[in-house]
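Chemist: show me the folded form of this:
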Amino acid sequence: MDVVAGAVVKSKIKGLTKDLESAVGLNEDQATCQATNEAFKQEEQKRRDKILEKRRQERLQHRKEKESERDKIRSKYQLPAKDKPAALSSEPSQESKSCVLS
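Modeler: Below is the predicted model:
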């Protein structure tokens with residue numbers, strides 16, 4: 001009886017092993033597929049982040065260039081700085097002098 005019981009147990013173990021192997025194989029395939037998709041998504045996100053950072057740097061550079069041009073124009077025409085309104089400037093502008101004199 002032990003021999004028969006042993007054979008049945010071995011048969012069940014083999015069946016379970018095959019089921020587990022197929023289940024594990026399926027899970028491995030799914031895990032591989034999921035890992036591949038995740039890696040692709042991460043690479044795609046890195047690429048997008050790189051593009052966005054490049055665009056941000058370009059906008060920042062453009063903004064600095066425009067501000068530099070504005071500063072040159074302000075200094076050329078002796079206009080008050082952007083952060084220093086005309087009302088707070090130490091010297092009255094030509095327009096305000098003419099208004100006072102008129």
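
Chemist: show me the shaky parts of the chain.
Modeler: For the chain, the stretches flagged by pLDDT under 70 are 1-32, 34, 80-102.

Chemist: would you mind measuring from residue 51 to residue 59?
Modeler: Counting by C-beta to C-beta, to the nearest Å, the gap from residue 51 to residue 59 is 13 Å. The way it works is simple: take the backbone N, C-alpha and C, and place the C-beta from them, glycine included.

Chemist: same check on residue 73?
Modeler: 21 Å.

Chemist: ok, residue 46 next?
Modeler: With distances taken as C-beta to C-beta, residue 46 is found 20 Å from residue 59.

Chemist: got the contact list for residue 64?
Modeler: Contacts for residue 64 (C-beta atoms under 8 Å, 6 or more residues apart in numbering) come out as none.

Chemist: helix or strand for it, which one?
Modeler: Using DSSP states H and E, residue 64 falls within helix 2-77.

Chemist: got it, and residue 79?
Modeler: Residue-wise, residue 79 maps onto no helix or strand under DSSP H and E.

Chemist: just checking, it touches residue 70?
Modeler: No: counting by C-beta atoms under 8 Å, residue 79 sits too far from residue 70 to count as a contact (9.0 Å).

Chemist: any idea how many residues pack against the spatially closest residue to residue 79 that is not a sequence neighbour?
Modeler: Among residues not flanking residue 79 along the chain, residue 73 sits closest, at 7.2 Å (C-beta to C-beta, 6 or more residues apart in numbering). By other C-beta atoms under 10 Å, 10 other residues sit near residue 73.

Chemist: and what of residue 59?
Modeler: 10.

Chemist: would you mind measuring from it to residue 52?
Modeler: Distance from residue 59 to residue 52, by C-beta to C-beta: 11 Å.

Chemist: residue 42 too?
Modeler: 15 Å.

Chemist: over to residue 36?
Modeler: Going from residue 36 to residue 52 by C-beta to C-beta gives 25 Å.

Chemist: what of residue 43?
Modeler: Distance from residue 43 to residue 52, by C-beta to C-beta: 15 Å.
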